[in-house]
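Trainee: need coordinates for the below:
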Amino acid sequence: MSTTLESVLSPAQVARRLDVTPARVRQMLDRGELPYVATPLGRLIEANDVETLVEKRRVAAQQVNDHVRPAAVA
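Mentor: A predicted model of the protein is given here:
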């Protein structure tokens, strides 16, 4: 993984982006739901991986909404 400091996030930054707690992000990292690099600074997550997860969640939520919402009757 070729990264720069600007392209990686701390678990706390990821938590703010995902609107979850830092503890939830640590669970996601422990479960392998989000890749990370272990460094002397702690676990760092690539911003692109976070954005990919955000998009997957958005698509999944849209699919649920499409399934739950009845079709308009003409």
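Trainee: which SSE is residue 38 in?
Mentor: strand 37-39 (DSSP states H and E).
Trainee: the following helix or strand past that strand pairs with which strands, parallel or anti?
Mentor: Per DSSP H and E, the first helix or strand lying C-terminal to strand 37-39 is strand 42-46. Within its sheet, and counting by DSSP bridges, strand 42-46 is paired with strand 8-9 (antiparallel), strand 37-39 (antiparallel).
Trainee: tell me which of these sits nearest to residue 19.
Mentor: strand 8-9 (14.1 Å; C-beta to C-beta). Where you see a C-beta, it was placed from the backbone N, CA and C, and this is true even at glycine.
Trainee: got the contact list for the closest one?
Mentor: Outside strand 8-9, the residues that touch it by C-beta atoms under 8 Å, 6 or more residues apart in numbering are 17, 37, 44-47, 50.
Trainee: of those - the most surrounded one?
Mentor: The residue in the contacts of strand 8-9 with the most neighbours, by other C-beta atoms under 10 Å, is residue 45 (24 neighbours).
Trainee: so that residue bridges to which residues?
Mentor: Assigned bridge partners for residue 45, using DSSP bridges, are residue 9.
Trainee: in this structure it contacts residue 33, no?
Mentor: No: using C-beta atoms under 8 Å, residue 45 is not in contact with residue 33, being 10.9 Å away.
Trainee: that'll do, ta.
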